[in-house]
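*Asks:* Could you look at this predicted model? Sequence included:
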Amino acid sequence: MEEVKIGVYVCHCGLNIAGTVDVEEVAKYAATLPSVVVSRDYRYMCSDPGQDLIKNDIKEYGLNRAVVASCSPRMHELTFRNACQEGGLNPYLYEHANIREHCSWVHDDKKINTEKAKDLVRAAVRRVYHHEPLEVKEAPVNPNVLVVGGGIAGIQAALDIANGEKRVYLVEREPSIGGHMIQLDRTFPTLDCSECILTPKMADVGHHPFIELLAYSEVEEVSGSIGQFKVKVRKKARHIDESKCVGCGICEEKCPWKVPSEFEMGLAMRKAIYIPFAQAIPNLVTVDPDLCVYIQSNGKKCGACIKFCEAKAITPETLLNQTDQIIELEVGSIIVATGYDQFDPSVIPQYGYGKYDNVLTGLQFERMTCAAGPTGGKVLLKDGREPESVTIIHCVGSRDQNYHEYCSRVCCMYGLKYAHLIKEFTKADVYEFYIDMRCFGEGYEEFYKRLSEEGVNFIRGKVAKVTDQAVTEEEKGRLIVVAEDTLLGRLIRVPADMVILCAALEARADADKVASLFTLNRRADGFFLERHVKLDPVATPTDGVFIAGCCEGPRDIPDTVAQAEATAAKALSLISKGKITLESAIANVDETRCLGCGRCEEICTFHAPKVISKNGVMVSEINETLCKGCGACAVVCPTGAMLIRHYKPEQILNQVAALTEVL
Amino acid sequence: MTVVLNEQDTKFKYDVAEEPGGENIKLCFACGLCTASCPVADIDPEYNPRKIIRMVLLGMRKEVLSSNLPWLCTQCYTCQAHCPQNVKFSDVMKALRSMAVREGYVHPSFVEQIKEIDSFSQKSRHQMVLSIVDKKAEELKIDPAKLAEEALEKEKAKV
């Protein structure tokens, strides 16, 4: 082995480190360590001149190892590995000592800090002595993309990628794409009709040559990793012949069986065979097998749809024998855009949702004002009258530690929009109860001003209860909303005919299942976690899996679209590069020690090790494109045959020994 | 009347937060739900939990502790159950009461009276328990005092 020559660089990080660590002393100390031929301190090692120090020293002193003592390796380990590579050194002949997060930021005493920094540097120097150069390998990227969720986020991402002429598989679990946005009537603050702006995009998805739409389907299984995911999708049986159905809807008309419509939020009924709404994409009917009497009676009763279908898309065969299909896909990246659930306000008994007929959620009111909705666009009470007084309650389930601590971000604005629509459609007085009015987006504050001019009564105070216990004649037969007007400092009772609850946006009920399917992390509030909240907002800790829209947290349509476009850019940039760099610090089998017991195979979540027969001997083999170098296999290996490159016993043990030495 | 903030006791909210039950006082965002759900505020417009919290946060120590406000709370816990910021107002009121007593804002005779009521109720409770025990002992034909002595002897023997 050639003589080891180590260079040590101690970073000031401005005053972040130098303020509480004597960096010069640390650098001087490092120079005394065995095999260290040069040791420097510098104000900002991550700057270009800082990196040049390393490159020049490699040339001048013939360095074959480098150590930088600076911030967290998460921040700049890659920076300095690259600097080493540019200087002609294998990037794995580098070691990073964290003297900021582990030292200057957590202790005050400069003397002790300096000692600790010396210890960390000594350990790093001892470790880097045992480093070995590792080969950096590449693998090709499959140019297909999977988009999960057909709401506005999924639609936008799919269109952006498909317009770049790359194949997209768009999976949606409902019979039609459109998501929550297609349920909305108008969109704030411009009051564009939601259908008018979304249906053209939906239609584009429907006939785009590069989009394969898998509606009424769910992802069952995901394996592989960035560049080469393998995905199994369950395409649920619609119990019709999809190639023949023209979506004429005659079957729906003739079908006698009804349940409350999910799309209309229970305000109207749908049939056992149905198209959820007029502009559905794909325009196909779906049979609800639990409700269909023909299916339930095994073909003995009903069958009206079979009789009336002119296209012969519905037959006894499709109704009784059609089963789910499993489709296998291969994709290079995945965009998860699974959206949100609306908070169920019936868990707040004092607001009377589910108890009083005219207490509605936001989405129910959206359906009511929609021209194609259950009331034909009229704001009506349950008994068919027009309301004379409507109350809108903000922050129902949001900004409330009993339910969700976060602000749902869109409720203030859609609450204002409802106030406007009520003013437009009825002569009713509108009372809007809020805690803080948050109108932060483009044109939002102006919209608030417009509503103030329209004469909406804004009351600053959280509603304590909605009750039917009248104390005056005027209150009789109405709902009474009780709150404190905190600006006046007095209790307020508002007799109202209709109460609209601005219910929170919450994580999907099955978010845990989706998270484990795609190896995502979740925040305490249940939404999916991005890789970095500011600087990497659509990537996730799993390479090649991106998130967009409300599955990451409550957001409005403009933000969702921007995020969806960001995920498309990420996916396209991956396809454009065409290859990925594989992790080099991965598992490696010492075949002379391996017994082929298969415990590594059992523990690995990435399916990287596989026991195979090699010259008649059973040994474990690592699939290098799947291995992440997590080390789980090395821990369970009973013989020590499984080693993780760059984390070999002599590297770790020498580092530990250097730390525990008493000088 | 103008409240001059730099004349107030800025330590007050921290002191309340140190008391058991007062931990979350600084989280209040003044939504007024406590006041709107309060049965006392419903009949007495002078009593406003939101305003009391505001006075604590602004450091109006003397005004809060010397007033009768902390003593009007019925401890029904409605505000505490519904508060979106988990301020625990009923417990805050208990904290304010003990601070008022400790810091001498309450007339000593009042404190004496509370002590007397307390000791009276303790005694009554003790006697009530005793009478129940005596009645039971009579039915079972045993002497409670003797039982206690025996138990004590056993413990002594162990030592």
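*Replies:* Nice, thanks for sending it over. Numbering: from 1, shown residues only, chains lettered A, B, ... in the order given.
*Asks:* going forward, measure contacts and count neighbours with C-alpha atoms only.
*Replies:* OK.
*Asks:* So which residues make contact with stretch A:302-316?
*Replies:* Contact partners of stretch A:302-316, identified using CA atoms under 8 Å, 6 or more residues apart in numbering or on different chains, comprise A:239-246, A:250-252, A:254-255, A:293-294, A:299.
*Asks:* Give the buried residues for that stretch.
*Replies:* Buried residues in stretch A:302-316, counted by 16 or more other CA atoms under 10 Å in any protein chain shown: A:302-303, A:305-306, A:308-309, A:313-316.
*Asks:* start to end distance for it?
*Replies:* 11 Å (CA to CA, to the nearest Å).
*Asks:* before we move on, back to that, need the buried residues of stretch A:302-316 in TSV with distance to residue A:24, pLDDT and secondary structure, can you?
*Replies:* As requested, the buried residues of stretch A:302-316 are arranged in TSV below (distance: CA to CA, whole Å; pLDDT from 0 to 100; DSSP: H, G, I helix; E, B strand; the rest coil):
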residue	distance to residue A:24	pLDDT	secondary structure
A:302	89	93	coil
A:303	88	91	coil
A:305	85	94	helix
A:306	86	95	helix
A:308	89	94	helix
A:309	86	94	coil
A:313	81	95	coil
A:314	82	96	coil
A:315	84	95	coil
A:316	85	95	helix
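*Asks:* Show me the helices in chain B, by range?
*Replies:* Remark: helices assigned in chain B by DSSP state H are B:12-18, B:33-36, B:39-43, B:49-58, B:61-66, B:78-82, B:89-102, B:108-140, B:144-158.
*Asks:* Give me the buried stretch members for the shortest one, please.
*Replies:* Of the residues in helix B:33-36, B:33-36 count as buried by neighbour count, 16+ other CA under 10 Å.
*Asks:* Likewise for the fifth one?
*Replies:* Using 16+ other CA under 10 Å as the test for burial, helix B:61-66 gives B:61, B:64-66.
*Asks:* end to end, how far does stretch B:69-76 reach?
*Replies:* So stretch B:69-76: terminal residues 15 Å apart, CA to CA.
*Asks:* Sorry, wrong one. I was asking about stretch A:617-628.
*Replies:* In stretch A:617-628, first residue to last residue: 26 Å (CA to CA).
*Asks:* State the mean pLDDT of it.
*Replies:* For stretch A:617-628, mean pLDDT is 89.
*Asks:* need the residues of the stretch 251-400 of chain A near chain B, please.
*Replies:* By CA under 8 Å from any CA of the partner chain, the residues of the stretch 251-400 of chain A that approach chain B are A:399-400.
*Asks:* Next, residue A:362: phi, psi?
*Replies:* Backbone geometry at residue A:362, expressed as degrees, to the nearest 10, gives phi -50, psi -50.
*Asks:* List the contacts of it.
*Replies:* A:500-503.
*Asks:* ok, for residue A:217, nearest residue in space, not its chain neighbours?
*Replies:* Using CA to CA, 6 or more residues apart in numbering or on different chains and skipping the chain neighbours, the partner closest in space to residue A:217 is residue A:235 (4.2 Å).
*Asks:* Revised request: answer the last question for residue A:444.
*Replies:* Excluding its sequence neighbours, the residue lying closest to residue A:444 (CA to CA, 6+ apart) is residue A:189, at 6.0 Å.
*Asks:* which residues are contacting stretch A:157-166?
*Replies:* So stretch A:157-166 is in contact with A:143-145, A:147, A:167-170, A:204-205, A:208, A:210-211, A:335, A:564-565, A:567-569, A:571-572, going by CA under 8 Å, 6+ apart.
*Asks:* cool, and stretch A:473-493?
*Replies:* A:391, A:459-470, A:494-499, B:30-33, B:35-37, B:42, B:45, B:48.
*Asks:* what's the answer for stretch B:75-86, then?
*Replies:* Stretch B:75-86 is contacted from outside by A:399-402, B:24, B:27-29, B:33-35, B:37-38, B:87-90, using CA under 8 Å, 6+ apart.
*Asks:* just to revisit the earlier point, now, of the contacts of stretch A:302-316, which are buried?
*Replies:* Buried among the contacts of stretch A:302-316 (16+ other CA under 10 Å): A:239-242, A:245, A:251-252, A:254-255, A:293-294.
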